[in-house]
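**Student:** Sequence below, structure please.
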Amino acid sequence: MTYPEAIQFLYDLRLLGAKFGLENTFKLAAMAGNPQNQLRFIHVAGTNGKGSTCAMLESIYRAAGLRVGLFTSPHLVSFRERIQVNRQLISEQDVVRLVEEMQALQRSAGVPPALASDLGKTSRRDACATFFEFVTVMALKFFAEQKCDLVIWETGLGGRLDATNIVTPLAGIITNIALDHQQWLGDTIKKIAAEKAGIIKPRVPVITAADELEALAVIEKIAREKNAPLIKVAQASRLHAAAVTAALPLPGDHQRLNAALALAVVKALQSKIPAGDSAIRIGLETVNWPGRLQLITRPSGQKILLDGAHNVVGAKVLRQALEKYFDRMRRTLVLGVLRDKDWRQICETLAPLAVRILTVPVPSERTADACKLAAACHTVNSTAEIVACDSLREALEKTASDDFVVVTGSLYLVGEALESFGLSPATGNERALNEWSAHSEPLSTIVS
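**Tutor:** Here you go, the predicted model:
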């Protein structure tokens, strides 16, 4: 098997969709020797800020001398971004080896090969591991082989029935709760909070920066039922003040709150995983997490800000950052959004900030129509020059002489931009692996 063939196999798994539940993942992990039992985890759920918080924790514990695994999704450009050890991407050779080994495990257990032609065959499809289940166990196997001291473990979607939830962590994190993925997680804050809080385990501390009263009530109730200590990190907390003083390279007040959350986790786990003040400072000051308020200066002097604000809360955070850090800049907005997001409200939030707006399709089957985005932007900013483009490439060509360009609306779009600028290696459109479809029912109606 070659690396492109391994990626094609994973792509075929993606075409089978996603199933919510833990049974398949437990079975697959058992076939692999239950590698999760050899590892220690910090499990991270939430609506926004999961990746940044994971990156901060990874950086702190790596600075403390630990060998740290990092499992996140989606990837911006390369599938290999999802599985890292000490911030080194898993190699192509290891991806190939693990895919082959896990295929062999499934064959020996009598699991049928996953074929795209099985998409409509419910019984056959349900017997196969989905893309995310397969990759989750791949990651567990790799981290155990690599003898990681700690794994920072991000949920894929929700928490309760997410494949990552087969682990028992040292601590759970719920960054925040907001409306997103309502078609799967439920259409209210309470339902979404219940799915995210599904990662809470008996007597395992849970740390959250959620501030929605409805969400907090759900998290508090589940923590009480599980006898799990609950630590709440608020905007005005002392930990937040400490995070403000750090020379954090990730801009934005929201990143200070993410840093406070990471600090609260480190403090809660000091007796199990010590990390001194020096490691905390170095970790925060050297953290790297692309695509989140990432400022690029091109050879021409043009500044481009990349931010994967993919929902309304993310758009509001981006707006606050633009008003605080780039208040005097004449802004051009390049905007692409997925149609299953609240794209109208995202347009309402961001369009008033720009003098020029170019809407683009996102490299996804789920892209919102660029012309509809343009019309929504015009409704709230009729004085701006607004152009609907056929591609990001076209938009970047049209904005080549603009001083300050913001590319936003989707992490998929940010990944395409990074590849376009040569800041991430071209990999044969592995971004398509981020695509998925799922059970038609909200998770809140599915009994585990």
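
**Student:** Tell me the first helix or strand C-terminal of the helix or strand bottoming out on mean pLDDT in the chain.
**Tutor:** Across the helices and strands of the chain, the lowest-confidence element by mean pLDDT, DSSP states H and E is helix 122-127, at a mean of 51. Sequence order places helix 131-145 as the next helix or strand after helix 122-127, per DSSP states H and E.

**Student:** residues in contact with that following helix?
**Tutor:** Residues outside helix 131-145 that contact it (C-beta atoms under 8 Å, 6 or more residues apart in numbering) are 10, 13-14, 16, 18-19, 24-25, 28-29, 32, 35-36, 38-39, 69, 71, 73, 82-83, 85, 90, 94-95, 98-99, 101-102, 129, 151, 156, 163-164, 166, 433, 436. Any C-beta I mention is one placed from the backbone N, CA and C, and that applies to glycine too.

**Student:** one more time with 6 Å, if that's ok
**Tutor:** Residues outside helix 131-145 that contact it (C-beta atoms under 6 Å, 6 or more residues apart in numbering) are 10, 13-14, 24-25, 28-29, 32, 35-36, 38-39, 69, 71, 83, 98, 151, 156, 163-164.

**Student:** cool, and stretch 94-101?
**Tutor:** Taking C-beta under 6 Å, 6+ apart as the rule, stretch 94-101 contacts Met1, Tyr3, Ala6, Phe9, Met138.

**Student:** roughly how far out does it sit from the chain middle?
**Tutor:** 24 Å (C-alpha atoms, centre = their mean, to the nearest Å).

**Student:** ok, now how distant is the nearest residue to Ser300 once chain neighbours are set aside from Gly415?
**Tutor:** Of all residues not flanking Ser300 in the chain, Ala400 sits nearest, at 7.6 Å (C-beta to C-beta, 6 or more residues apart in numbering). According to C-beta to C-beta, to the nearest Å, Ala400 stands 21 Å off from Gly415.

**Student:** Show me which of those two is the more surrounded one.
**Tutor:** When Ala400 is set against Gly415 and neighbours are counted by other C-beta atoms under 10 Å, the residue ahead is Gly415, at 26 against 10.

**Student:** pretty sure that one is in a strand, no?
**Tutor:** No - with the criterion set as DSSP: H, G, I helix; E, B strand; the rest coil, the secondary structure at Gly415 is helix rather than a strand.

**Student:** pLDDT score for it?
**Tutor:** Looking at Gly415, its pLDDT is 91.

**Student:** pretty sure it contacts Leu433?
**Tutor:** No - Gly415 lies out of contact with Leu433 (C-beta atoms under 6 Å); the separation is 11.1 Å.

**Student:** Cys377 versus the residue of the chain most remote from its centre, what's the distance?
**Tutor:** Distance to the chain centre peaks in the chain at Thr383, reaching 34.9 Å (criterion: C-alpha atoms, centre = their mean). Spatial separation of Thr383 from Cys377 under the definition C-beta to C-beta is 11 Å.

**Student:** what touches both of these two?
**Tutor:** Contact criterion C-beta under 6 Å, 6+ apart; no residue bridges Thr383 and Cys377 by contacting each.

**Student:** hey, where'd the strands end up in the chain?
**Tutor:** Ranges of strands within the chain are 41-45, 68-71, 83-85, 88-89, 150-154, 171-174, 206-208, 230-232, 294-297, 303-307, 331-335, 356-359, 385-388, 404-408, based on DSSP state E.

**Student:** Of those, which stretch is the most buried?
**Tutor:** When you average the neighbours per residue for each of the strands of the chain (mean count of other C-beta atoms under 10 Å), strand 171-174 leads with a mean of 30.

**Student:** Quick test: name the residue nearest the centre of this protein.
**Tutor:** For the chain, the residue whose C-alpha lies nearest the mean C-alpha position (C-alpha atoms, centre = their mean) is Ser73; its distance is 4.5 Å.

**Student:** That residue contacts Gly156, doesn't it?
**Tutor:** Yes - Ser73 is in contact with Gly156 according to C-beta under 6 Å; the separation is 5.5 Å.

**Student:** Spell out which residues sit in contact with the residue nearest to the centre of the chain, please.
**Tutor:** For Ser73, the set of contacting residues under the criterion of C-beta under 6 Å, 6+ apart consists of Arg82, Gly156.

**Student:** Can you pull the phi and psi angles for it?
**Tutor:** According to degrees, to the nearest 10, the main-chain angles of Ser73 amount to phi -160, psi 160.

**Student:** burial count for Arg160?
**Tutor:** For Arg160, the count of nearby residues is 23 (other C-beta under 10 Å).

**Student:** Now it: closest residue in space, sequence neighbours ignored.
**Tutor:** The shortest distance from Arg160 to any residue other than its chain neighbours is 2.3 Å, reached at Gly198 (C-beta to C-beta, 6+ apart).

**Student:** pLDDT value on that neighbour, please?
**Tutor:** Per-residue confidence (pLDDT) for Gly198: 95.

**Student:** isn't it right up against Leu157?
**Tutor:** No - contact status for Gly198 versus Leu157: not in contact, 11.3 Å apart, counting by C-beta under 6 Å.

**Student:** need the contact list for the closest residue in space to Cys377 that isn't next to it in sequence.
**Tutor:** Excluding its sequence neighbours, the residue lying closest to Cys377 (C-beta to C-beta, 6+ apart) is Ala351, at 3.9 Å. Ala351 is in contact with Ile357, Cys377, Val380, Asn381, counting by C-beta under 6 Å, 6+ apart.

**Student:** can I get the residues you listed in a markdown table with pLDDT and distance to Ala178?
**Tutor:** Conversion of these to a markdown table gives the following (pLDDT from 0 to 100; distance: C-beta to C-beta, whole Å):
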| residue | pLDDT | distance to Ala178 |
| --- | --- | --- |
| Ile357 | 98 | 25 |
| Cys377 | 98 | 22 |
| Val380 | 96 | 21 |
| Asn381 | 96 | 24 |
